[in-house]
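Return atomic coordinates for the entry below.
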Amino acid sequence: MFAARATGLVKLVGLCLMAGVLVAAVLFPVVGGLGLASNRAADTVDQTSGELTKAELPLVTTVLDMHGQPIAYLYDQYRVPVPSEGIADTMKAAIIAIEDKRFFEHKGVDWQGIARAAAKAGVDGETSQGASTLTQQYVKNYLAFVVGKGSEEAYEKATEATLGRKISEARIATQLEQKMSKDEILTAYLNVVPFGNGAYGVGAAARTYFDTTPDKLTVPQAAMLAGLVNEPSRLNPGSDVDAAIKRRNTVIDRMRDNGAFGPDAKVADEKAAEYKAADIGVVPDLRLLPNGCVGAGDGPVYGFFCRYLIDYLEKAGLPTEELLRGGYTITTTMDPVATRAAKEAAEGQVPKTQPGVANAMAVVEPGADKHRVRALAANRDFGNNADAGQSAYSIPAEVTKFGAGSIYKVFTAASALERGITGIDKQIDVPKTYTSKVYKDGSKPYTVKNAGDYKEKMTLTEALAQSPNTAFIILEEKAGLNNVVDMAYRLGLRESMQGVDWRGDPLKADGSNGPSQGDVYKRDNSGSFTLGAGPTSVLELSNVAATIVSGGKWCPPTPVEQVVDRNGRPVQLKEAPCDQAVAPEVANALAVGMSGDTKPGGTAAGAANGWNRPMIGKTGTTENHWSVAFIGATPQFAGAVMTFTDGVAPQVICNGTPPRLCGTNDAGGVFGGQVAAPTWFNAMRVIHEGKPPAALPPVEPRYR
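Now for the predicted structure:
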């Protein structure tokens, strides 16, 4: 007994000393030789307390589709700030009763409470009573979760049991009480403090646990939430209902003792008993707000678009860290109808769980001032479970490791048209084999053969539809390889040509893995460029088609319609400006020249069965059949599809129902007209539904 009392006396002396130091530190900041340091500390405190009065809390960023419907939420802390009038009196009474019953009496630091704690420590060794006021707790929580962004290090710093921290906290608390009213402090506290299960602030907590708003909280609900503040993880009603109820009832008793149920003791007791008898009332499935692209409104379908949006905004000057805290509202260009159509078409050709075969589609709306991305989809679901057919890579948007095959012949044709080498109706040579006088295969001559039998001469339009290799190697020689590579960049393969190396890996800032893919083709004088074996982005292919049907006007494929900040002010992004990639006359001629691929004799004719809209199109198949592709566009919508191997070891994709990997034997290898083109048409039939057919532009005679 004597030892316990001695220990209590030691604590009593310690607390009294601490109280004295706190008083001195708060009331007399300049003391003797500590004057300079104290003044500097006071300056810091003044600055910090000023911030606390106008706290910009971490908020949720909401991502909307083109119709204004939410498709994703991005946040570090789920918080829904509410004004004082939006918080029920029951909630205010509950938090005051359990955390700081003298809240309306002290001036930020409860000296009476400290003295009471010291006295109690002297009697029985307990030191918990009268620890810190709500104002001090607000300071601590603000520093931990707003300034410190909720990191473990910041939390430890904001709660460390040191005299220096307590002095700083007390000083800020007393200054806050001079700048803010009690109600403002209480409201700020309830908007900052964590309530467990990812809910920060009473607005998020009310929805998470009770699917209601904080102005409608009943006494039992408010008491449960107030009880959570003490230890949200241990008292989590989702895992330990008994502990949560016990704590809630303790809060109700404190509310009664604090006069929350009226002055009549009998009536107050009856009300308290009634409230404590109430069921816990928590919704069966906590209303946890989905966070990130995986948890997007329909994450498996919309996630690829969401991932591209975040990457795009990062480059446009709105970093991910800011998105997760800034409370922005982002209206995107995503069309849910187009996205679902693309998803169903991609999965209809290749099931999501088909091993090693990915099928991705991008849809862009053409325009002279903006190219809006309407859909990014794949046969894979967006997610982290590969066994369930999921992928967290941005399959439709990133540069894949695989090529688009003969689609690259479009760039050769465009360059030849621009230089007046040929017209879309002029005859070009189509030999069965051709040995180039310009390009080499290592130390040997570069010889190319056609994959089928063709006429010895055909028009450029016929060649684009039937895709003979030799004709385009000859045109590439005449147009110049560098010009053809540059044309690919100009029309839309900007990241594919200058943002990745020859393997398809993003270029490093230090240039250690350069040069770019485009520069490698130029350096090595690789005539195979027109055959399209190099890494390619599906989205960029789609944007190439959009550029062609937009009169040669390239615009960045944007997923953003508008961004506004937490105050409703528009945010200006650093998006690349549109530019005239090629003259409108060249683009229009190229569009008409690409109009034969879906007609009888064209490589996509089978897939286009029943299609009756004017359009451009081009299939592509790589030589090893590791990937196939199709691009197409009407004046209303442009799109591209790539089917490629996404397993650890690339293999030939063989045609079948469904397509499958078949080792290294390319005898049964799939072609672009068999998987990629059907995906495009199945999606575009839905996307164009209700829109009248639009004609392709006229062609100037000199490009005929």
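
okay, and the helix or strand of the chain with the least pLDDT?
Lowest mean confidence among the helices and strands of the chain (mean pLDDT, DSSP states H and E): helix 35-53, at a mean of 42.

Quick one: name whatever helix or strand follows that one.
Downstream of helix 35-53, the next assigned helix or strand under DSSP states H and E is strand 61-64.

Can you give the strand pairings for the helix or strand that comes right after that next one, parallel or anti for each?
If you walk from strand 61-64 toward the C-terminus, the next helix or strand you reach (DSSP H and E) is strand 70-74. Applying DSSP bridges, strand 70-74 is found paired with strand 61-64 (antiparallel).

Going along the chain, name the strands of the stretch 401-550 of the chain.
427-429, 433-441, 444-449, 457-459 (DSSP state E, counting those that start in this stretch).

Okay, now the sheet partners of the second one, with direction.
Using DSSP bridges, strand 433-441 pairs in its sheet with strand 444-449 (antiparallel).

Quick check: mean pLDDT of the partner strand?
Strand 444-449 carries an average pLDDT of 93.

So for that strand, what gets flagged as buried?
Residues of strand 444-449 classed as buried: 446, 448 (neighbour count, 16 or more other CB atoms under 10 Å). Every residue, glycine included, has its C-beta placed from N, CA and C.

Low-confidence regions, the stretch 251-400 of the chain specifically.
By pLDDT under 70, the weakly predicted segments of the stretch 251-400 of the chain are 295-297.

And the helices in it?
For the stretch 251-400 of the chain, applying DSSP state H, counting those that start in this stretch gives helices covering 265-277, 299-315, 320-326, 336-349.

do the stretch 1-150 of the chain as well
Taking DSSP H, counting those that start in this stretch as the criterion, the stretch 1-150 of the chain carries its helices at 2-27, 35-53, 89-99, 111-124, 134-142.

Give me the distance between the nearest residue to Val500 once chain neighbours are set aside and Met255.
Spatial nearest neighbour of Val500, chain neighbours left out: Val399 (4.9 Å); criterion: CB to CB, 6 or more residues apart in numbering. Distance, Val399 to Met255, using CB to CB, to the nearest Å: 61 Å.

So which of the two has more stuff around it?
Between Val399 and Met255, Met255 has the larger neighbour count (other CB atoms under 10 Å), namely 27 against 24.

So that one sits against Pro220, correct?
No. Counting by CB atoms under 8 Å, Met255 stays clear of Pro220, with 10.6 Å between them.

ok, now which ones touch the residue nearest to Ala154 when sequence neighbours are not counted?
Nearest non-adjacent residue to Ala154, counting by CB to CB, 6+ apart: Gly148, 2.2 Å away. Counting by CB atoms under 8 Å, 6 or more residues apart in numbering, Gly148 touches 154-155, 157-158.

Gln580 now?
Counted by CB under 8 Å, 6+ apart, Gln580 has contacts 552-554.

what are the phi and psi values for it?
Dihedral pair for Gln580: phi -80, psi 100, per degrees, to the nearest 10.

partners of it in the sheet?
In beta-bridge terms (that is, DSSP bridges), Gln580 pairs with Lys553.

Pick out the residue closest to the middle of the protein.
Centroid check for the chain by CA atoms, centre = their mean gives Ile310 as the closest residue, at 3.8 Å.

Distance of that residue relative to His371?
Distance from Ile310 to His371, by CB to CB: 19 Å.

rewinding a little: tell me the one among the contacts of Gly148 nearest to Ala414.
Ala154 (55.2 Å; CB to CB).

got a list of what the closest one touches?
143-145, 147-148.

tell me the secondary structure for it?
Following DSSP: H, G, I helix; E, B strand; the rest coil, we place Ala154 in the helix state.

Could you tell me how far it is located from Glu321?
Taking CB to CB, one finds Ala154 at 14 Å from Glu321.

try Ala94
34 Å.

got a list of what Pro678 touches?
Per CB under 8 Å, 6+ apart, neighbours of Pro678: 345, 349, 607.

Low-confidence ranges, the stretch 551-700 of the chain, go.
Answering for the stretch 551-700 of the chain: no residues sit below the bar, that is pLDDT under 70.

tell me the helices in it, going along the chain?
With DSSP H, counting those that start in this stretch as the criterion, the stretch 551-700 of the chain has helices spanning 584-593, 676-687.

now these in JSON lines, with distance to Gly492?
Formatted as JSON lines, these follow (distance: least, CB to CB, whole Å):
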{"stretch": "helix 584-593", "distance to Gly492": "12"}
{"stretch": "helix 676-687", "distance to Gly492": "17"}
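
Pick the most buried one from these.
Compared across the helices of the stretch 551-700 of the chain, helix 676-687 shows the largest average neighbour count, a mean of 25 (mean count of other CB atoms under 10 Å).

rewinding a little: of the contacts of Gln580, closest to Val193?
For the contacts of Gln580, the nearest to Val193 is Trp554 (50.3 Å; CB to CB).

give me the number of residues near that closest one?
Residues near Trp554, counting by other CB under 10 Å: 25.

Cross-check the contact I'm expecting between it and Ala488.
No. Contact criterion CB under 8 Å: Trp554 and Ala488 do not qualify, at 11.7 Å.

thinking again about what came up before, which one of the contacts of Gln580 is nearest to Gln517?
Trp554 (18.5 Å).

returning to what we had before: between Ala94 and Glu321, which is the more surrounded one?
Each of Ala94 and Glu321 has its neighbours counted (other CB under 10 Å); Ala94 has more, 29 against 11.

From what I see, the more buried one and Met255 are in contact.
Yes. Between Ala94 and Met255 there is a contact under CB under 8 Å: 5.8 Å.

who touches both of the two?
Going by CB under 8 Å, 6+ apart, residues that sit against Ala94 and also against Met255 are 219, 223.

from the contacts of Gln580, which is closest to Glu105?
Nearest to Glu105 among the contacts of Gln580, with distances taken as CB to CB, is Trp554, at 68.2 Å.

how near is the closest one to Val582?
9 Å.

Reformat the contacts of Ala154 as JSON lines; add distance to Ala378 and pLDDT.
Below are the contacts of Ala154 laid out as JSON lines (distance: CB to CB, whole Å; pLDDT from 0 to 100):
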{"residue": "Leu143", "distance to Ala378": "44", "pLDDT": "87"}
{"residue": "Ala144", "distance to Ala378": "41", "pLDDT": "87"}
{"residue": "Phe145", "distance to Ala378": "37", "pLDDT": "89"}
{"residue": "Val147", "distance to Ala378": "41", "pLDDT": "84"}
{"residue": "Gly148", "distance to Ala378": "39", "pLDDT": "82"}
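
Any chance of JSON lines for those residues, columns distance to Val592?
Putting these into JSON lines (distance: CB to CB, whole Å) gives the following:
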{"residue": "Leu143", "distance to Val592": "66"}
{"residue": "Ala144", "distance to Val592": "64"}
{"residue": "Phe145", "distance to Val592": "61"}
{"residue": "Val147", "distance to Val592": "61"}
{"residue": "Gly148", "distance to Val592": "61"}
